[in-house]
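**Q** Sequence and predicted structure are below.
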Amino acid sequence: MDISLTDARLYAEDELVPLSALQHILFCERQCALIHIEGLWAENRLTTEGRHLHERADSGESESRGPVRTARSLPLRSLRLGLAGRADVVEFRYDGSVLTAAIPIEYKRGREKMDDSDRVQLCAQALCLEEMLGIPVPVGALFYATPRRRADVLFDEPLRRITEDTVIRLHALLDSGITLRVPRQPKCDGCSLFELCMPDVTATSISASAWSARAVTASLARSVDPSSENL
Ligand code: SF4
């Protein structure tokens with residue numbers, strides 16, 4: 001069955017899931033489940049650095065300079081995507097009293113990542129802003145701490161597709177309530193949940209990709225027809 005989010009119903013307020021979970025599921029489905037299904041969290045050096053980096057952005061202060069208003073820690077949501085979260089910073093640009101542009105900006109610890117997780121999180125923020133404001137949001141920016149660098153992000157169709165596919169996978173995982181066991185991977189060494197996860201002693205009888213495909217199909221079927229059966 002080929003179903004996109006545009007075919008699905010709107011989510012209710014109490015069905016919204018954290019936008020931040022997109023980064024977790026892109027890093028590791030088991031980590032995402034441990035945090036968002038089982039409620040586990042553990043700080044390590046990397047998460048602590050990231051938290052400190054966001055302190056100014058999370059201050060909630062906003063400021064205006066000429067035609068630009070900068071909002072910090074701005075609440076976001078999308079009923080189409082079923083997401084809620086906050087943007088570190090959003091720059092709003094005005095022509096007189098008319099809003100002409102909204103640019104989401106995220107601050108990141110460390111270097112630019114090789115994977116799509118930062119861009120997907122930012123794109124999800126852009127999709128929320130588009131739904132909330134009713135204007136196109138074609139571009140955003142990521143600020144990396146090491147080295148200090150700004151990377152502009154174009155929200156093109158491929159990135160929007162990846163983002164929406166990740167949202168579908170996220171809802172499927174959280175709807176399932178299942179925490180997959182996965183084999184130890186190189187990235188486990190930098191995972192804040194290593195001690196809680198114990199990847200060295202886990203095993204699985206179904207591959208993560210096979211489970212994920214089944215869960216996505218079942219979740220989409222429930223979105224279109226809430227009376228449909230589980231997997
Ligand atoms: S330790 Fe490895 S398998 Fe466990 S949650 Fe972290 S990345 Fe995933």
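**A** Perfect, thanks for sending it.
**Q** the bottom helix or strand of this protein by mean pLDDT?
**A** One helix or strand of the chain scores below all others by mean pLDDT, DSSP states H and E: helix 45-53, with a mean of 55.
**Q** what residue ranges in the protein are flagged as low confidence?
**A** 1-8, 42-60, 202-231 (pLDDT under 70).
**Q** What residues does it have near the ligand?
**A** 28, 30-31, 34, 182, 185, 187-188, 191, 193-194, 197, 199 (CB under 6 Å from any ligand atom). Where you see a C-beta, it was placed from the backbone N, CA and C, and this is true even at glycine.
**Q** Okay, and which of those residues map to helices?
**A** Counting by DSSP state H, the part of the residues of the chain next to the ligand found in helices is R30, Q31, L34, F194, C197.
**Q** got JSON lines for those residues, with neighbour count too?
**A** Below are these laid out as JSON lines (neighbours: other CB atoms under 10 Å):
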{"residue": "R30", "neighbour count": "25"}
{"residue": "Q31", "neighbour count": "25"}
{"residue": "L34", "neighbour count": "21"}
{"residue": "F194", "neighbour count": "16"}
{"residue": "C197", "neighbour count": "22"}
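**Q** Among those, find me the one that's closest to V120.
**A** Q31 (15.4 Å; CB to CB).
**Q** so the closest one makes contact with L193?
**A** Yes. With contact defined as CB atoms under 8 Å, Q31 reaches L193; the gap is 5.5 Å.
**Q** If you count residues, where's the longest strand of this structure?
**A** strand 83-95 (DSSP state E).
**Q** Give the next helix or strand downstream of that strand.
**A** Next along the chain after strand 83-95, taking DSSP states H and E as the criterion, comes strand 98-108.
**Q** So which other helices or strands are in contact with that next one?
**A** helix 45-53, strand 83-95, helix 117-133, strand 139-144 (3 or more CB pairs under 8 Å, 6 or more residues apart in numbering; DSSP states H and E).
**Q** For that strand, which strands pair with it and how are they oriented?
**A** Note on strand 98-108: by DSSP bridges, its sheet partners are strand 83-95 (antiparallel), strand 139-144 (parallel).
**Q** and these as CSV, adding distance to L19 and mean neighbour count?
**A** CSV is the format used below for the strands paired with strand 98-108 (distance: least, CB to CB, whole Å; neighbours: other CB atoms under 10 Å):
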stretch, distance to L19, mean neighbour count
strand 83-95, 3, 19
strand 139-144, 13, 19
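**Q** would you turn those into TSV with distance to S176?
**A** Shown next, in TSV, are the strands paired with strand 98-108 (distance: least, CB to CB, whole Å):
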stretch	distance to S176
strand 83-95	18
strand 139-144	31
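**Q** and of those, who's closest to T166?
**A** Using CB to CB, the strands paired with strand 98-108 put strand 83-95 closest to T166, at 10.5 Å.
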